[in-house]
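[1] Need a 3D model of the following:
(2 chains)
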Number of protein chains: 2
Amino acid sequence: MATLRVPEEVPAPTRDSERLRKAFQEWGTVEEGVICVLGHRNANQRRKIRETYQQLYNESLIGRLHYELSGDFRNAVILWTMDPHKRDAKLANEALKKKKKSVHHLQVIVEIACASSPHHLMAVRQAYSSFFDCSLEEDIAYNVPLPLRKLLLGLVSSYRYDRELVDANAADSEAAVLHDAIKKKQLVQDSVVWILSTRNTFQLKATFECYKQKYGNPIDQDIKNCGTTDLESILIMVICCIDTPEKHFAEVIRKSVFGLGTDEDSLTRAIVTRAEIDMMKIRREYFNMYKTSLESAVIDDTSGDYKKFLVTLLVG
Amino acid sequence: MATLRVPEEVPAPTRDSERLRKAFQEWGTVEEGVICVLGHRNANQRRKIRETYQQLYNESLIGRLHYELSGDFRNAVILWTMDPHKRDAKLANEALKKKKKSVHHLQVIVEIACASSPHHLMAVRQAYSSFFDCSLEEDIAYNVPLPLRKLLLGLVSSYRYDRELVDANAADSEAAVLHDAIKKKQLVQDSVVWILSTRNTFQLKATFECYKQKYGNPIDQDIKNCGTTDLESILIMVICCIDTPEKHFAEVIRKSVFGLGTDEDSLTRAIVTRAEIDMMKIRREYFNMYKTSLESAVIDDTSGDYKKFLVTLLVG
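    Below is the predicted model of the structure:
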């Protein structure tokens, strides 16, 4: 359900590297070359191109892209060219280094912890630790204020079982634990954090469904009724990222283009991180939710090479 | 500082596999063959032998060992022959499946979380998840009673930064946090769990040292004065495994052989899991603590092939 379109016969990494090198050297061809080559290669192919480019020309492809490009286009292309786990480690670190850590900044951490595979999350933690001289959870423990700290720490430390295995009794009893915590407005009590950070996503979907059946409202609705602080917002986001990640990312994109101005960082992040995962589902969800196409929203709100690049990732 | 002795010229895995196969087929040579070959190969070499044996004879080496050997010798040889992360996943699972989970059983989880490398812990979690249909932390969250649950969950979810980087100010302020929690007997308050499960081991050693300087007693002594429940025992073990793992394992071995009878499971675990890591340090520590040699303690308390195998791992 990715939207990335890779040609049927993928050129050898050497050929792609030569094409990029040529584009860098000839005036006015950089942007087109970059979009044509990198915009149509999957993560594994991009990694091979990076390695081959380095060997052939003894220079870093990402360094060269940084030098040749600029603005939002550069940012998008570089995030796309990086290894996905290194890219996410970088995004998480940028969020944690912000002076004021709003929900808006911290959402990338929720996405990595709740809308990625357990294996990916582990690779992000390894990359984080090797780049930033401390662990991801250390940076959360000492940079994020309570009560968000507790929730995010639990979530990023998780390594969920990754196959579909649901225990209906556990779903029932844990829906009751969640309901009790919401009723008492104790949203980050230990049991809530443990349920959300140790259970596999299939189990959690069953728990949320069970919650709705037993108590009438969807769980996110009941959390919304608890208050409007950052904690409720992040918790609703956690549930959405686990339950229907396509909906979360449709909302991120909507908010980034809606109204005056564009939030390019969020738009880039959502498209770059999901183009190879579930962008087709996100497009469908976007249309269902907003009765307009995601592509046209992006086309209307962006311009130039940045627009061309995002559209390439969106529609192939 | 391992005690494992590998020959200068290591035979090819094919040669080792043939030797094992021959030992299995000739009456009365199994035990000697197993000790001579497997007892002198490191984890990587044992993995290659397992793979080669499987290819050559279309049977699992571990399955065959299970069939050919028996008792404590079999248990020790099989744990030794397994991949270290799979072995530890198995040991953790056995501990969590016990009906009554005493400190004695849970200590293996503390050892994996606090006396292993962050990379090893991650590999154990991956192995656990692929063998046992749920994650290690899920089994802890739903099988270990409070308050141990909270502490162990934090510890096994950690992925500590693995290089030596110490922040003296953090050591000072976190020693104060720990002291305050101990004074109030709130040993598993969130801040304690976060410090013990997110900080790197070098940082924690500095914090414990700082604690001693500022408050007069070693931190484990002050914890001991809080009470004698499982929580204090496990917490003291956590601190020992982080600060001086060689001391922890010397104690495990001492307890397993001291007095009447032997606790073979603990003895095997300590020797098999540390022979390639820090057994030389453990031997020195044992001698310092008990004024007798670890080897002679093992020799006095064990017999037969089991003794021969442990001594091989202990002295090469």
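[2] and the helix or strand harbouring A:Glu138, anywhere near chain B?
    Using DSSP states H and E, A:Glu138 sits within helix A:136-143. Yes: contact between helix A:136-143 and chain B, assessed by C-beta under 8 Å from any C-beta of the partner chain, occurs at A:Leu136, A:Glu137, A:Glu138, A:Ala141, A:Tyr142. Every residue, glycine included, has its C-beta placed from N, CA and C.
[3] The third one: neighbour count?
    This points to A:Glu138. A count of nearby residues for A:Glu138, using other C-beta atoms under 10 Å in any protein chain shown, gives 25.
[4] quick one: pLDDT of it?
    Note for A:Glu138: predicted pLDDT of 93.
[5] list the contacts for the residue nearest to it when sequence neighbours are not counted?
    What sits nearest to A:Glu138 in space, not counting adjacent residues and going by C-beta to C-beta, 6 or more residues apart in numbering or on different chains, is B:Thr198, at 4.5 Å. The contact partners of B:Thr198, by C-beta atoms under 8 Å, 6 or more residues apart in numbering or on different chains, come to A:Ser135, A:Glu137, A:Glu138, A:Ala141, A:Leu153, B:Ser158, B:Arg160.
[6] which of those residues has the most neighbours?
    Ranked by the number of neighbours (other C-beta under 10 Å), the contacts of B:Thr198 place A:Glu137 first, at 28 neighbours.
[7] how about the contacts of B:Thr198, which pair is most distant?
    Pairwise distances across the contacts of B:Thr198 peak at 13.7 Å for A:Leu153 and B:Arg160 (criterion: C-beta to C-beta).
[8] Correct me if wrong: A:Leu136 contacts A:Gln126.
    No: A:Leu136 is beyond contact range of A:Gln126, at 9.5 Å (criterion: C-beta atoms under 8 Å).
[9] any idea how far A:Asp133 is from B:Ser102?
    Distance, A:Asp133 to B:Ser102, using C-beta to C-beta, to the nearest Å: 39 Å.
[10] Name the residues of the stretch 101-250 of chain A found near chain B, please.
    A:118-119, A:122, A:125-126, A:129, A:133-138, A:141-142, A:150, A:153-154, A:157-163, A:165, A:170, A:190, A:194, A:197-200.
[11] pLDDT score for A:Met19?
    Careful, residue A:19 is Arg and not Met. On pLDDT, A:Arg19 comes in at 94.
[12] Show me the contact partners of the one helix or strand it maps to.
    In the assignment (DSSP H and E), A:Arg19 maps to helix A:13-25. With contacts defined as C-beta under 8 Å, 6+ apart, helix A:13-25 is touched by A:11, A:29-30, A:32-34, A:36-38, A:41, A:45, A:48-49, A:51-53, A:56-57, A:61, A:64, A:68.
[13] if we go to 10 Å?
    With C-beta atoms under 10 Å, 6 or more residues apart in numbering or on different chains as the test, helix A:13-25 has contacts from A:10-12, A:29-38, A:40-41, A:45-57, A:59, A:61, A:64-65, A:67-68.
[14] Where strands are concerned, which of the residues you listed count?
    Under the assignment DSSP state E, those contribute nothing to strands.
[15] And those residues, which of them are buried?
    Burial by neighbour count, judged by 16 or more other C-beta atoms under 10 Å in any protein chain shown, picks out A:11, A:30-31, A:33-35, A:37-38, A:40-41, A:45-50, A:52-53, A:61, A:64-65, A:68 from the contacts of helix A:13-25.
[16] Mind checking which of those are in helices?
    Using DSSP state H to define helices, the subset of the buried ones among the contacts of helix A:13-25 located there is A:30-31, A:33-35, A:37-38, A:45-50, A:52-53, A:61, A:64-65, A:68.
[17] what's the neighbour count on the residue in the stretch 51-200 of chain A that chain B sits nearest to?
    Ranked by C-beta to the nearest C-beta, the top residue of the stretch 51-200 of chain A for proximity to chain B is A:Ser157, at 3.4 Å. For A:Ser157, the count of nearby residues is 26 (other C-beta under 10 Å).
[18] ok, the residue nearest to it when sequence neighbours are not counted to B:Leu121 distance?
    Computed as C-beta to C-beta, 6+ apart, the closest residue to A:Ser157 that is not its neighbour in sequence is B:Ser157, at 3.4 Å. B:Ser157 is 9 Å from B:Leu121, where distance means C-beta to C-beta.
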